[in-house]
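**Student:** just coords:
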């Protein structure tokens, strides 16, 4: 399909044209939609327009003409959005006031050359794509080039946006632009956390995000977003590791993405699980990737020496707390924060399960009881972590056993999900009445023990449940006597 046909397919484009000619104002289609046409990308439902003057009045008139919702997107930048819901799709029409006194001045205030293509809507269906800043050349070369150094200073978020464009379109950031990004990285501190996390998760959405994150790390740009990285750089880990703490964390992300592309993607159950949405536009896989980067951030604070060994006792607990603080700083949702905390807190647990050919049913039950919905993510993090550990003391046979056990655990999880939930044999009132107990946490402990024995096939009725409860109460009394 030619550019003319693609542009004509924009819903209500002729309404915009008629309104522009009626009000005698020039309106230009600009940026992402045209960029995506040249990159031969899929459908784009976001349309950006430059309005020569009176953008607010024009956008309101357009919204009234088609009877759709109008909102102020950015009052300071004089940008307004009309939201169109049509069949299964939602379209965004963003109208911005011309910046400066002419088109050239407006284009010079935009972020990257590839976002500066223009088309005059007033003259449509006559199509002449206006390219003042060599955008088509850069699109053909697949490079990201900042319009100028000044545009980075005007909005430092563009530092991250360059990398998110790389992630989305597999483009290359040209050398001079990389220098601008590195030079002004400290300005990211001025950007709101919400805008930071939006671009960060766009990067992590790529199945090849490692190379992008690695470049951000090499330029020390990532340190401005995740300050704890600084303490992880250069921290020696002992003979089981061939890399320092931070480089190992980067490799963990790399190993996870390789594992995903080569094996996990073949399992619809795992793919569906990882694609579960935890917050708007953010999935379980995104938080898992973040956990790959953060799983060892507690190590610099837990490092010690025992004999000739380097040890990191409780680093998972310290790391979980630090990750919670970071999640709070970048305004993750309550659900995301809890998922991230669990992944880091439990990331060593699967390794303990792999000590034998296959762990006991009780050990498996307790693992999934503690990790809950995050169990599979914890296992995948462990797989990536072990694959990124290649020091001289590592044992290939142990690694192979670990892999076999981990995938058996994943199979167990999905098979169990297909089964009907076990019926409730007794409840808290039954326990309190039978053993003359007052409401207390002890009742919850007894019920948890009964559920465990039921899951293992040792409890099928009330009588057996009471037997378990009695044994548990007796063990508690013995503990108090010791």
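**Tutor:** Looks like it arrived, so ask away. Here the structure is a predicted model, which means the values were calculated and not measured.
**Student:** give the contact list for the most centrally placed residue in the chain.
**Tutor:** Taking CA atoms, centre = their mean as the criterion, residue 286 is the residue nearest the geometric centre of the chain, at 2.6 Å. Residues in contact with residue 286, defined by CB atoms under 8 Å, 6 or more residues apart in numbering, are 201, 204, 205, 278. All C-beta atoms are positioned from the backbone trio N, CA, C, and that covers glycine.
**Student:** now, among those, which is nearest to residue 319?
**Tutor:** The closest of the contacts of residue 286 to residue 319 turns out to be residue 204 (CB to CB; 18.6 Å).
**Student:** quick one: contacts for the closest one?
**Tutor:** Applying CB under 8 Å, 6+ apart, we find residue 204 in contact with 213, 286, 289, 290.
**Student:** Also residue 377?
**Tutor:** Residue 377 makes contacts with 274, 284, 287, 288, 291, 339, 343, as judged by CB under 8 Å, 6+ apart.
**Student:** Quick check: residue 107 touching residue 132?
**Tutor:** Yes. With contact taken as CB atoms under 8 Å, residue 107 and residue 132 are classed as touching, separated by 5.6 Å.
**Student:** who has more neighbours, the two?
**Tutor:** Taking other CB atoms under 10 Å, residue 107 and residue 132 do not tie; residue 107 has more neighbours (23 against 14).
**Student:** Residue 381: how many residues sit nearby?
**Tutor:** Counted with other CB under 10 Å, residues neighbouring residue 381 total 24.
**Student:** again, but for the one 10 residues further on
**Tutor:** By other CB under 10 Å, 13 other residues sit near residue 391.
**Student:** got it, and residue 361?
**Tutor:** 12.
**Student:** ditto for the one 10 residues further on
**Tutor:** When counting by other CB under 10 Å, one arrives at 20 neighbours for residue 371.
**Student:** Wasn't it part of a helix?
**Tutor:** Yes. Assessed with DSSP: H, G, I helix; E, B strand; the rest coil, residue 371 lies in a helix.
**Student:** Quick check: the gap between it and residue 276.
**Tutor:** Residue 371 sits 15 Å away from residue 276, going by CB to CB, to the nearest Å.
**Student:** check contacts around residue 142.
**Tutor:** By CB under 8 Å, 6+ apart, the residues touching residue 142 are 169, 170, 171, 172.
**Student:** what phi and what psi does the backbone show at the second one?
**Tutor:** Here the main-chain torsion angles of residue 170 (degrees, to the nearest 10) amount to phi 60, psi 50.
**Student:** rewinding a little: most neighbours among the contacts of residue 142, which one is it?
**Tutor:** Greatest neighbour count in the contacts of residue 142, by other CB under 10 Å, goes to residue 171: 20 neighbours.
**Student:** one step back: could you dump the contacts of residue 142 to TSV with distance to residue 433, pLDDT and secondary structure?
**Tutor:** TSV is the format used below for the contacts of residue 142 (distance: CB to CB, whole Å; pLDDT from 0 to 100; DSSP: H, G, I helix; E, B strand; the rest coil):
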residue	distance to residue 433	pLDDT	secondary structure
169	66	95	helix
170	65	95	coil
171	69	96	coil
172	71	97	strand
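**Student:** what's the most distant pair in these?
**Tutor:** Among these, the pair separated by the greatest distance (CB to CB) is 169 and 172, at 10.0 Å.
**Student:** This structure: strands as residue ranges?
**Tutor:** Using DSSP state E, the strands of the chain run over 27-30, 46-51, 69-74, 79-86, 89-97, 118-120, 143-144, 172-173, 277-279, 282-283, 304-306, 309-311.
**Student:** Which one of those lies nearest to residue 218?
**Tutor:** Proximity to residue 218 (CB to CB) singles out strand 172-173 among the strands of the chain, at 12.2 Å.
**Student:** Show me what that closest one is packed against.
**Tutor:** Contact here means 3 or more CB pairs under 8 Å, 6 or more residues apart in numbering; DSSP states H and E; on that basis strand 172-173 packs against strand 143-144, helix 158-169.
**Student:** Same question for the longest one: list its buried residues.
**Tutor:** Think helix 158-169. Within helix 158-169, the residues scored as buried using 16 or more other CB atoms under 10 Å are 158, 159, 160, 161, 162, 163, 164, 165, 166, 167, 169.
**Student:** Tell me which strands the least confident helix or strand in the chain by mean pLDDT pairs with, and in which orientation.
**Tutor:** Lowest by mean pLDDT, DSSP states H and E among the helices and strands of the chain is strand 309-311, with a mean of 80. Taking DSSP bridges as the criterion, strand 309-311 sits next to strand 304-306 (antiparallel) in its sheet.
**Student:** average pLDDT for the partner strand?
**Tutor:** For strand 304-306, mean pLDDT is 82.
**Student:** And it, what's buried?
**Tutor:** Buried residues in strand 304-306, counted by 16+ other CB under 10 Å: none are found.
**Student:** Show residues contacting it.
**Tutor:** Contacts of strand 304-306 (CB under 8 Å, 6+ apart): 310, 311, 312, 313.
**Student:** Which of those are buried? Put it as a ChimeraX command.
**Tutor:** Selecting only the buried entries of the contacts of strand 304-306 in ChimeraX, with 16+ other CB under 10 Å as the criterion:
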select :310,312
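**Student:** quick one, helices of the stretch 151-300 of the chain?
**Tutor:** For the stretch 151-300 of the chain, the helices defined by DSSP state H, counting those that start in this stretch cover 158-169, 175-183, 193-204, 209-218, 222-225, 229-232, 245-262, 268-274, 284-294, 299-302.
**Student:** can you list contacts of stretch 262-281?
**Tutor:** In contact with stretch 262-281 (CB under 8 Å, 6+ apart) are residues 198, 201, 260, 283-288, 332-333, 335-336, 339, 376-377, 380, 410, 414.
**Student:** Now which of the residues you listed would you call buried?
**Tutor:** Neighbour-count burial (16+ other CB under 10 Å) is assigned, among the contacts of stretch 262-281, to 198, 201, 260, 283-288, 332, 336, 339, 376-377, 380, 410.
**Student:** can you redo the strands of the chain as TSV with distance to residue 465?
**Tutor:** Output for the strands of the chain, formatted as TSV (distance: least, CB to CB, whole Å):
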stretch	distance to residue 465
strand 27-30	69
strand 46-51	57
strand 69-74	56
strand 79-86	53
strand 89-97	52
strand 118-120	72
strand 143-144	64
strand 172-173	63
strand 277-279	36
strand 282-283	39
strand 304-306	45
strand 309-311	43
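**Student:** picking that back up, ok, so of the contacts of residue 204, who is nearest residue 296?
**Tutor:** Of all the contacts of residue 204, residue 296 sits closest to residue 290, with 13.0 Å by CB to CB.
**Student:** That closest one is in contact with residue 340, isn't it?
**Tutor:** Yes. At 6.4 Å, residue 290 counts as touching residue 340 under the criterion of CB under 8 Å.
**Student:** per the record, what domains does the protein have?
**Tutor:** Here the domain parsing of the chain from automatic domain parsing is 3-141, 226-418, 428-481.
**Student:** hang on, the earlier thing: a markdown table please, covering the contacts of strand 304-306 and showing distance to residue 78.
**Tutor:** Shown next, in a markdown table, are those (distance: CB to CB, whole Å):
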| residue | distance to residue 78 |
| --- | --- |
| 310 | 57 |
| 311 | 58 |
| 312 | 53 |
| 313 | 56 |
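**Student:** Mind telling me the two of the contacts of strand 304-306 farthest from one another?
**Tutor:** Maximum pairwise distance among the contacts of strand 304-306 (CB to CB): 11.0 Å, between 310 and 313.
**Student:** which parts of stretch 104-112 are buried?
**Tutor:** Along stretch 104-112, these residues count as buried under the neighbour rule (16+ other CB under 10 Å): 106, 107, 108, 110, 111, 112.
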